[in-house]
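Asks: give me the fold of what follows.
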Amino acid sequence: MRSEAGVHSKGKDTTSICRVMVVDDSAIARGIVTRALSEEPDIRVVASVPNGLMALKALGNQEIDVAVLDIEMPELDGLSALPRMLEIDPQLKIIMVSAASQNDADISLKTMAMGAADYVEKPKAGLGGAGAFYAELVRKVRQHGSAEKRKQAMPRMGRQARTSPQNAAPVTAPITSRNKIFPKPDVIAIGSSTGGPQALAEVLKALDPSLTQPILITQHMPATFTGLLAQHMTRYSGRLAAEAQEGERIEPGRIYIAPGGKHLVVERAVAGGIIIRLDDGPAENSCKPAVDPMLRSLARIVGDRLLTIILTGMGSDGLKGCEAVVHAGGHVLAQDRETSVVWGMPGAVAQAGLCSEILPLQQIGPAIMRIAGGEGK
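Replies: Purely as a prediction, here's the structure:
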């Protein structure tokens, strides 16, 4: 048994334990999720409550690292509770749980723009026996509530004592400047995962309407979400964004988003230009769509006229693809650690020395305009 003093009965220091609150109006769902998380030795469910009001009360009474938050609940639903929970604890990591209906998926994207850290899609057949759902939830809870993440915050002196990620101690990553001047890109490619919808919105809204290069995006998301992501990116960017379609030719100024469940790759058209192929092959880096297949195919076709940006995300997807981009002479930028929700994907690329620049999120859009305008580095 675990003691209330924060130490296992076996004497293990629980500074490595991730403290979780499960918020769902279904007692059955709460019980199943709680049991699944509690089986992990580094995760402790410290609160299980049926609505947002109870979640707010729990946050005021105990230390919680990650909240698993359902959307539809009585009294105070997830959408309404989210900003109030973050007001109490700005560094709380909130993972939204969605049933993946059109309406819930749209709400999930909105909550991520409001500060939610991630989402997990509920299995359509119910929670019983949904092994993939539990595996994904455990992985994301562990990632967002890891001891390494918590070390970035100051010791708590009341709920408002945490620092924000922007104020965490900076970590220097190696930067290799491969060239001082790059040719003006013909295509822009962006890879992202955890925290990606917010980061994509920030980058795309900073792009001037004069930018003519097509933009290809792979964001780790299941089907239903990617179509909604495209709608949101159209509103943020002021240019047409849509899920990529098999066989369509890429056109100037358009944004193409890899659809959930398919890899977005490209090939040269017989009559000239570049066309999109949707690859239904196996997942790469446990992801489908994955960034690596997109970048490998673009590097083969576009060569040194490819500008690649790797944004916040869990894991190392994009690393192998960026190696192909660099080998072809292309240009790679990465988001810095301080502004990333998770510095996994951009960190892997940065630490491999593949980037010409590692930039805060707010500087990436202007950098794209500078480079795409032919000014080089």
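Asks: report the mean confidence score over stretch 358-368.
Replies: Stretch 358-368 shows a mean pLDDT of 97 in the predicted model.
Asks: and stretch 51-62, by the same measure?
Replies: Across stretch 51-62, the average pLDDT comes to 95.
Asks: ok, residues contacting that stretch?
Replies: Stretch 51-62 is contacted by residues 19, 21, 23, 25, 46-47, 49, 64, 67, 69, 73-78, 80-81, 84-85, 88-89, 92, 159 when judged by C-beta atoms under 8 Å, 6 or more residues apart in numbering. In this view, the C-beta of every residue, glycine as well, is placed from N, C-alpha and C.
Asks: try 10 Å this time
Replies: 19, 21-25, 46-49, 64, 67, 69-70, 73-82, 84-89, 92, 94, 159 (C-beta atoms under 10 Å, 6 or more residues apart in numbering).
Asks: narrow those to those in strands?
Replies: Among the contacts of stretch 51-62, the ones falling in strands (DSSP state E) are 19, 21-23, 46-49, 67, 69-70, 94.
Asks: max pairwise distance over these: which two?
Replies: Largest separation among the ones in strands among the contacts of stretch 51-62 by C-beta to C-beta: R19 and D70, giving 18.6 Å.
Asks: more neighbours: these two, which one.
Replies: D70 (25 against 19; other C-beta atoms under 10 Å).
Asks: show me what contacts the more buried one?
Replies: Residues touching D70, when contacts are defined by C-beta under 10 Å, 6+ apart, comprise 22-26, 29-30, 33, 50-52, 77-78, 81, 96-99, 104, 122.
Asks: try 8 Å
Replies: Each residue near D70 by C-beta under 8 Å, 6+ apart is listed here: 23-26, 29, 78, 97.
Asks: closest one to R305 out of those residues, please.
Replies: The shortest separation between R305 and any of those is 42.0 Å, and it belongs to V97 (by C-beta to C-beta).
Asks: so that closest one touches V120, yeah?
Replies: Yes: with contact defined as C-beta atoms under 8 Å, V97 reaches V120; the gap is 5.5 Å.
Asks: in PyMOL, how would I select just the buried ones from the ones in strands among the contacts of stretch 51-62?
Replies: Here is the PyMOL command that selects the buried residues among the ones in strands among the contacts of stretch 51-62 (16 or more other C-beta atoms under 10 Å):
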select buried, resi 19+21+22+23+46+47+48+49+67+69+70+94
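Asks: show me what the mean pLDDT comes to for the one helix or strand K320 maps to.
Replies: Per DSSP states H and E, K320 falls inside helix 319-327. Helix 319-327 carries an average pLDDT of 97.
Asks: which parts of that helix are buried?
Replies: Those would be 319-326, for helix 319-327 by 16+ other C-beta under 10 Å.
Asks: what lies in contact with the next helix or strand after that helix?
Replies: Downstream of helix 319-327, the next assigned helix or strand under DSSP H and E is strand 331-335. Residues from elsewhere that reach strand 331-335, judged by C-beta under 8 Å, 6+ apart: 182, 185, 199, 304, 306-312, 322, 325-326, 343, 346-347, 349-350, 354-361, 364, 367-368, 371.
Asks: identify the contacts common to V97 and V120.
Replies: In contact with both V97 and V120: 68, 137, using C-beta under 8 Å, 6+ apart.
Asks: quick revisit: closest to E267 out of the contacts of D70?
Replies: Once C-beta to C-beta is applied, the member of these that ends up nearest E267 is V97, at 38.2 Å.
Asks: and the closest one, helix, strand or coil?
Replies: Assigned by DSSP: H, G, I helix; E, B strand; the rest coil, the conformation of V97 is strand.
Asks: residues in contact with it?
Replies: With contacts defined as C-beta under 8 Å, 6+ apart, the neighbours of V97 are 24, 68-71, 119-120, 122, 137.
Asks: go again with 10 Å.
Replies: Listed by C-beta under 10 Å, 6+ apart, the contact set of V97 reads 22-24, 29, 33, 68-71, 78, 104, 108, 119-122, 127, 133, 137.
Asks: and the gap between it and R30?
Replies: Counting by C-beta to C-beta, to the nearest Å, the gap from V97 to R30 is 11 Å.
Asks: M369 sits in which helix or strand?
Replies: For M369, the element it lies in under DSSP H and E is helix 361-370.
Asks: neighbours around the nearest residue in space to M96 that is not next to it in sequence, how many?
Replies: Counting by C-beta to C-beta, 6 or more residues apart in numbering, the nearest residue to M96 once its immediate chain neighbours are dropped is Y119, at 4.3 Å. Residue crowding around Y119 was assessed by other C-beta under 10 Å; the count is 27.
Asks: how many neighbours does Q213 have?
Replies: Here the number of neighbours of Q213 (other C-beta under 10 Å) works out to 21.
Asks: so how far is S38 from L53?
Replies: Distance of L53 to S38, given as C-beta to C-beta: 24 Å.
Asks: show me which of the two is the more surrounded one.
Replies: Set L53 next to S38 and count neighbours by other C-beta under 10 Å: L53 wins out with 16 against 13.
Asks: strands along this protein, start to end?
Replies: Along the chain, counting by DSSP E, strands occupy 18-23, 43-49, 66-70, 93-98, 118-121, 187-192, 215-219, 241-243, 255-257, 263-268, 274-279, 306-310, 331-335, 357-359.
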